[in-house]
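>>> Sequence first, predicted model second:
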Amino acid sequence: MAGQVIKDLEQLLGAAKVVSGEALNDHYDHIWRMDVGLNAHGLVLPRSTADVSAVLKYCNDHDVSVVMHGGRTNLVGSTETDEKDLVISLEKMNAIEELDADSRTITVQAGVILENVQQAAKEQALLLPLNFGAKGSAQVGGILSTNAGGLRVIRYGMARELVLGLEVVLADGTVLTNLKKIIKDNSGYDLKQLFIGAEGTLGVITRAVLRLREAPRSRTSAYVGIDDYASVVRFLRFMDAGMAGTLSAYELIWKSTLVSMTTPPSSAKPPLPLDHAYYVLVEGLGSDQTADQARLEQLLEEAMAEGMIADAAFAFSESDFEWFWKIREDVHVIVSQMKHDQHFDISLPITLIGSVLDEITVELERVGGVEQVFVFGHVADGNIHLMIGKENESDALREQINDVVYGPLKAINGSVSAEHGIGVHKKQYLRLCRTDAEIALMKTVKRSLDPKNILNRGKILDL
Ligand SMILES: Cc1cc2nc3c(=O)[nH]c(=O)nc-3n(C[C@H](O)[C@H](O)[C@H](O)COP(=O)(O)OP(=O)(O)OC[C@H]3O[C@@H](n4cnc5c(N)ncnc54)[C@H](O)[C@@H]3O)c2cc1C
């Protein structure tokens, strides 16, 4: 049976689109494990939606389990495979099919890399607002399947808000095509949203129509020092109101984290004296550099006069922008200071972030084996990242840390995943943020779209 699958697929698609045996060693399941060959039964590289449909129909008919691979940058183990899995990668389906500047849309195949979409939009003075550290590898199909967020969600929303149309192939090979460029469509259920954030468990995304925005003509940014959490929340509302819709980022960094980000071994220097409890990096994207800069300076002066903020430093040049944003984005500086690391992307109500994170940090420091705790996040979205340095990789320590971080979330209606998804790593914690009835409905949806459970089996849910 095993060798037969490869032979059948070669016959179905042509041998050039099927990889098996020793050749799998040239492929990998995660960008951080490129040196480890792919452990899978085979890998197929479709060139068209029709190819994807033919492979899925075959796999469904023959009970072959399928794992989808995009850019393999996810952080929840969802592209891991075993020797029974057939991997489908859309890396050869990487065409930008159309950029319609007047409709402000871009129609792409799902294997196109995020950075290439951003670049194509930029060439037409347009913006694809989605942006995050893995943009050079992550593909549209993977990004939509994880409903990625990033740094500008406060202004433009998560990935799902940028999708106007989607083409998906179901487990049995049925092709659902809805590649409309329209923003409003209330003709029945919004089916595309079912597949966005489904981590490849309900269907394979093959093409998408993404919504573009006008590229901003001005950019302003500042670091602000704040001494208490209540003022972080007050200042957010003040800035959002004062910047009249142009506030595009509001990133919170706890003091001890900023210290590690801006003192050796980091080469970055601190933007402000390191004596405030919190630091906020604000950004505005607008249309008039001089007026927008003046408005930002005036707002920060007012905020300081009202006692909301204690200090501020402005970016005035390209090199200032680079310096300010590299501090926030270069999380490898922190990771490099840890023996072993564990990462979190939790969501919680904005007003509770200060107190709950204080409690979590105190609890973590009591766990034997925890060496460092770094906290920062997209606070305007209620999304906080924790990076925890620890002395070993044992399951016991990992679970102890998970219990401390995830423990408070159920009672306060938070989420164990703001951005990265559930995959395999967070499966056992899903019940902390979803009710039994919700999980039961998720299983019903999964069973109805993929009755043989061939797609990303064991990811998000165990059936
Ligand atoms: C350095 C770094 C920074 C990051 N920063 C952020 C951030 O700021 N915000 C954020 O939200 N995330 C972030 N991430 C994680 C983020 O979820 C992923 O980077 C990205 O969204 C996944 O895209 P990918 O193409 O790599 O998908 P993969 O990792 O290949 O796959 C992700 C999931 O989608 C499925 N899948 C892939 N392609 C398809 C398809 N065509 N159809 C159906 N299912 C498919 C896979 O099976 C898997 O379940 C970061 C990751 C890294 C490494």
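Looks like it came in fine.
>>> Up against the ligand, what does the protein have?
Residues of the chain lying near the ligand by C-beta under 6 Å from any ligand atom: 67-75, 78-79, 90, 110, 132-134, 137-139, 141-143, 145-146, 148-150, 199-200, 204-205, 419-420, 456, 459. All C-beta spots, glycine's among them, are computed from the backbone N, C-alpha and C.
>>> Mind doing that once more with 5 Å?
Proximity of the chain to the ligand, by C-beta under 5 Å from any ligand atom, involves residues 68, 70-74, 78-79, 110, 132-134, 138-139, 141-143, 145-146, 148-150, 199-200, 204-205, 419.
>>> Can I get the buried part of these as one ChimeraX selection?
To isolate the buried members of the residues of the chain next to the ligand in ChimeraX, using 16 or more other C-beta atoms under 10 Å:
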select :68,70,71,72,73,74,78,79,110,132,134,138,139,141,142,143,145,146,148,149,150,199,200,204,205,419
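>>> Can you list the helices and strands that the worst-scoring helix or strand of the chain on mean pLDDT packs against?
Ranking every helix and strand in the chain by mean pLDDT, DSSP states H and E puts helix 332-335 at the bottom, with a mean of 88. Helices and strands touching helix 332-335, by 3 or more C-beta pairs under 8 Å, 6 or more residues apart in numbering; DSSP states H and E, are helix 255-262.
>>> and the next element down the chain from the longest helix along the chain?
In the chain, with assignment by DSSP state H, the single longest helix is helix 289-305. Next helix or strand after helix 289-305 toward the C-terminus (DSSP states H and E): strand 311-314.
>>> Can you pull out the residues in contact with that next one?
Strand 311-314 is contacted by residues 220-225, 271-273, 276, 293, 296-297, 300, 304, 320 when judged by C-beta atoms under 8 Å, 6 or more residues apart in numbering.
>>> residues in contact with the following helix or strand past the least confident helix or strand of the chain?
Counting by DSSP H and E, the next helix or strand C-terminal to helix 332-335 is strand 340-347. When contacts are defined by C-beta under 8 Å, 6+ apart, strand 340-347 is touched by residues 75, 335, 381-393, 398, 401, 405-406, 409, 414-420.
>>> Pull out the buried residues from strand 340-347.
Buried-residue list, strand 340-347, by 16+ other C-beta under 10 Å: Asp341, Gln342, Phe344, Asp345, Ile346, Ser347.
>>> pLDDT (mean, whole number) over it?
Strand 340-347 comes out with an average pLDDT of 96.
>>> And for stretch 388-400?
For stretch 388-400, the per-residue pLDDT averages 97.
>>> how long is it end to end?
End-to-end distance for stretch 388-400, by C-alpha to C-alpha, to the nearest Å: 12 Å.
>>> Now do the buried residues in it.
Ile388, Gly389, Lys390, Leu397, Arg398, Gln400.
>>> among those, which are in strands?
Residues of these located in strands (DSSP state E): Ile388, Gly389, Lys390.
>>> Tell me where the model's unsure across the protein.
Across the chain, the ranges flagged by pLDDT under 70 are 1-2.
>>> how about whichever residue of the stretch 301-450 of the chain sits closest to the ligand, secondary structure?
Nearest residue of the stretch 301-450 of the chain to the ligand, counting by C-beta to the nearest ligand atom: Glu419, 3.3 Å away. State at Glu419, reduced to three classes by DSSP: H, G, I helix; E, B strand; the rest coil: coil.
>>> quick one: it and Asn383 touch, right?
Yes. Using C-beta atoms under 8 Å, Glu419 is in contact with Asn383, at 6.4 Å.
>>> quick one on the thing from earlier: now tell me what touches the least confident helix or strand of the chain from outside.
Thr257, Ser260, Met261, Pro265, Ser266, Ala268, Asp341, Phe374, Met387.
>>> Now list the buried members of these.
Buried by 16+ other C-beta under 10 Å: Thr257, Ser260, Met261, Ser266, Ala268, Asp341, Phe374, Met387, out of those.
>>> Chain neighbours aside, what residue packs nearest to the last one?
Leaving aside its sequence neighbours, Met387 sits nearest to Phe374 (C-beta to C-beta, 6 or more residues apart in numbering; 4.4 Å).
>>> Wasn't the one you found part of a strand?
Yes. The assignment for Phe374 by three-state DSSP puts it in a strand.
>>> Test my guess that Leu130 contacts Leu162.
Yes. Counting by C-beta under 8 Å, Leu162 is a contact partner of Leu130 at 6.1 Å.
>>> Could you find the closest non-adjacent residue to the residue positioned nearest the centre of the chain?
Computing the C-alpha centroid of the chain and ranking residues by C-alpha atoms, centre = their mean puts Ala148 first, at 3.2 Å. Sequence neighbours aside, Ala159 is the residue nearest to Ala148 in space, at 4.9 Å (criterion: C-beta to C-beta, 6+ apart).
>>> hang on, the earlier thing: let me know the closest of the buried residues of strand 340-347 to Val44.
Minimum distance to Val44 across the buried residues of strand 340-347 is 31.1 Å, recorded for Asp345 (C-beta to C-beta).
>>> Show me what the closest one is bridged to.
His385, Ser417 (DSSP bridges).
>>> Distance from the chain centre to the host helix or strand of Ile253, please.
Ile253 belongs to strand 247-254 when elements are defined using DSSP H and E. Offset of strand 247-254 from its chain centre (C-alpha atoms, centre = their mean, to the nearest Å): 17 Å.
>>> same question, stretch 3-13
On C-alpha atoms, centre = their mean, the centre of stretch 3-13 falls 35 Å from that of its chain.
>>> Identify the residues contacting the residue lying closest to Gln109 once chain neighbours are set aside.
The shortest distance from Gln109 to any non-neighbouring residue, by C-beta to C-beta, 6+ apart, is to Met93 (4.1 Å). Counting by C-beta under 8 Å, 6+ apart, Met93 touches Pro46, Arg47, Ser48, Val52, Gln109, Ala110, Gly111, Thr206.
>>> Restricted to helices, list the residues you listed.
Among the contacts of Met93, the ones falling in helices (DSSP H) are Val52.
>>> Among the contacts of Met93, which one lies nearest to the ligand?
Ala110 (4.1 Å).
>>> Now the closest one. Nearest residue, chain neighbours left out?
Leaving aside its chain neighbours, Ala110 sits nearest to Gly141 (3.1 Å; criterion: C-beta to C-beta, 6+ apart).
>>> Report all helices and strands that the helix or strand the one you found falls within contacts.
Using DSSP H and E, Gly141 maps to helix 140-146. Using 3+ C-beta pairs under 8 Å, 6+ apart, the elements in contact with helix 140-146 are strand 66-69, helix 114-123, strand 204-211.
>>> which residues make contact with the helix or strand just after that helix from outside it?
Reading on from helix 140-146 to the C-terminus, the next helix or strand found by DSSP H and E is helix 153-156. The list of residues contacting helix 153-156 from outside it, by C-beta under 8 Å, 6+ apart, reads 129-130, 162, 213, 240, 245-250, 285, 378, 380-381, 383.
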